[in-house]
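K.L.:
Sharing a model prediction with you, sequence too.
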Amino acid sequence: MPSTDSARSNGLEDADRDTLMWHGELVDVYSGDTSTLATRIPFFERKPFGVNDGYEIPGYPGGPRLRPWGENKLWDVVIRMPLVDGDLPTPVGIVSKRYTLVQHQDLFQKATEALKKAGIETGERVELLMSAYGSRMKVTFTFPHQYEFDPGDGSPIALRLYCVNSVDASSTLAIMLGWIRFICGNGLILGTTLFSERLVHNESLKLPDLDEVLTQGISLAEKEKEHLRDWIEKTIPHNKLEAWVDGKLCQMWGPLAAARIWHICRTGKDGKFASPAEKALPHVKEMVPTVTVPGAPRKARNAYHICQALSWVVRERRQVQDQLDGMRQLPELMKALVSSVDAGLS
């Protein structure tokens, strides 16, 4: 399996490499073309859940006798098969007998074929994240330059296809389209449940038609270009931002994330609590500035700026699952903010 050395060779900073986790496992990160990355993805088998080394029963004439263990009829063991010479078959988890094991390779190849059929050449702009034992995979395909556009702030964004899978039932299958902002690496999932829908691994699971996902997603992306341009034109009054930070945002993401986003929107810098024990609303909490957020103005003036502050905080999460969940929640949070502004104008 890939090692952390491979993450280093792909330019991942030491701090990120050492702290990026997925359900308690370190994550390896690779980038390149699809042919190269396909060789990094292992195959998996499932075996009956039991122990095959036997156990001794004393008391028989001539000494203890070895008898086999029983088999658990409810569960199977998922085994990662050797990827390179020297690897050994390694158990990565147990799953229900009803669980449909979707191979990472199958999802990866179907996505690759769908992109090729649609005439979308990703070249070297593919990123693969694998948990340490390979049970969880996230692969991101960044579309070519003709799919990029500038919403109006001088910082282009590009379209991406995200595919997420696990073979141990720890993360649900997800296929999504979204935007990536080059200046800071922030991501935003398209604002529709069609692509953020989670697929349940049971006996009836079938991989969706990725050709259809791409067709519909690209069509939606064209509509969302105007939507994102509108956000740049939409001024967010101070009182509406304050109420949203202390209300909806704090409820969904907690006081620290809410206070960080308020600080970014007011200063262009991320921050941390000066005194975690301070009892105050998020927008009042005293913050210590940490880093300047790439592409953030010193003061957020519109909905798009606020959306990018949200995306930055999601990107900085050290748990891959938290990043994915946060990206899915962005449309809901932005809808609540924009709706409150629109309601005040009507």
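P.N.:
Ah, there it is.
K.L.:
Could you break this protein into its assigned domains?
P.N.:
Here the domain parsing of the chain from automatic domain parsing is 4-42+100-232, 234-345.
K.L.:
how far out from the middle of the chain is the shortest one?
P.N.:
Read that as domain 234-345. Centroid displacement of domain 234-345 relative to its chain, using Cα atoms, centre = their mean, to the nearest Å, is 19 Å.
K.L.:
picking that back up, now render the domains of the chain as TSV, adding mean pLDDT and distance to Leu74.
P.N.:
All C-beta atoms are positioned from the backbone trio N, CA, C, and that covers glycine. As requested, the domains of the chain are arranged in TSV below (pLDDT from 0 to 100; distance: least, Cβ to Cβ, whole Å):
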stretch	mean pLDDT	distance to Leu74
domain 4-42+100-232	83	13
domain 234-345	95	26
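K.L.:
Redo those as JSON lines? Include distance to Gly93 and mean neighbour count.
P.N.:
Converted to JSON lines, these look like this (distance: least, Cβ to Cβ, whole Å; neighbours: other Cβ atoms under 10 Å):
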{"stretch": "domain 4-42+100-232", "distance to Gly93": "3", "mean neighbour count": "17"}
{"stretch": "domain 234-345", "distance to Gly93": "15", "mean neighbour count": "18"}
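K.L.:
Just tell me which of these ends up closest to Ile79.
P.N.:
domain 4-42+100-232 (9.6 Å; Cβ to Cβ).
K.L.:
still on that earlier bit, I'd like the domains of the chain written out as CSV, with distance to Thr90 added.
P.N.:
Below are the domains of the chain laid out as CSV (distance: least, Cβ to Cβ, whole Å):
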stretch, distance to Thr90
domain 4-42+100-232, 6
domain 234-345, 21
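K.L.:
Out of those, flag the one nearest Pro68.
P.N.:
domain 4-42+100-232 (25.2 Å).
K.L.:
distance between the helix or strand containing Val29 and the chain's centre?
P.N.:
Using DSSP states H and E, Val29 sits in strand 25-32. Relative to the centre of its chain, strand 25-32 is centred 13 Å away, using Cα atoms, centre = their mean.
K.L.:
tell me what the helix or strand that comes right after it is packed against?
P.N.:
On the C-terminal side of strand 25-32, the closest following helix or strand by DSSP H and E is helix 34-38. When contacts are defined as 3 or more Cβ pairs under 8 Å, 6 or more residues apart in numbering; DSSP states H and E, helix 34-38 packs onto helix 104-117, strand 126-131.
K.L.:
Between strand 126-131 and the first one, find me the angle.
P.N.:
When you say that, I think you mean helix 104-117. 170 degrees (axes from the mean of the first three to the mean of the last three Cα atoms, to 10 degrees).
K.L.:
who wins for proximity to Lys206 among the helices and strands packed on helix 34-38?
P.N.:
Using Cβ to Cβ, the nearest of the helices and strands packed on helix 34-38 to Lys206 is helix 104-117, at 11.2 Å.
K.L.:
Just the C-alphas of the closest one, formatted as PDB.
P.N.:
Taking Å, rounded to 0.1, in the frame of the first residue of the first chain, the C-alpha atoms of helix 104-117 are listed here in PDB:
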ATOM      1  CA  HIS A 104     -12.800   1.200  -5.500                       C
ATOM      2  CA  GLN A 105     -11.400   0.100  -8.900                       C
ATOM      3  CA  ASP A 106     -14.900  -0.300 -10.300                       C
ATOM      4  CA  LEU A 107     -16.000   3.200  -9.300                       C
ATOM      5  CA  PHE A 108     -12.700   4.700 -10.500                       C
ATOM      6  CA  GLN A 109     -12.900   3.000 -13.900                       C
ATOM      7  CA  LYS A 110     -16.500   3.900 -14.400                       C
ATOM      8  CA  ALA A 111     -15.800   7.500 -13.600                       C
ATOM      9  CA  THR A 112     -12.800   7.500 -16.000                       C
ATOM     10  CA  GLU A 113     -14.800   5.900 -18.800                       C
ATOM     11  CA  ALA A 114     -17.700   8.400 -18.400                       C
ATOM     12  CA  LEU A 115     -15.300  11.300 -18.500                       C
ATOM     13  CA  LYS A 116     -13.600   9.900 -21.600                       C
ATOM     14  CA  LYS A 117     -16.900   9.300 -23.300                       C
END
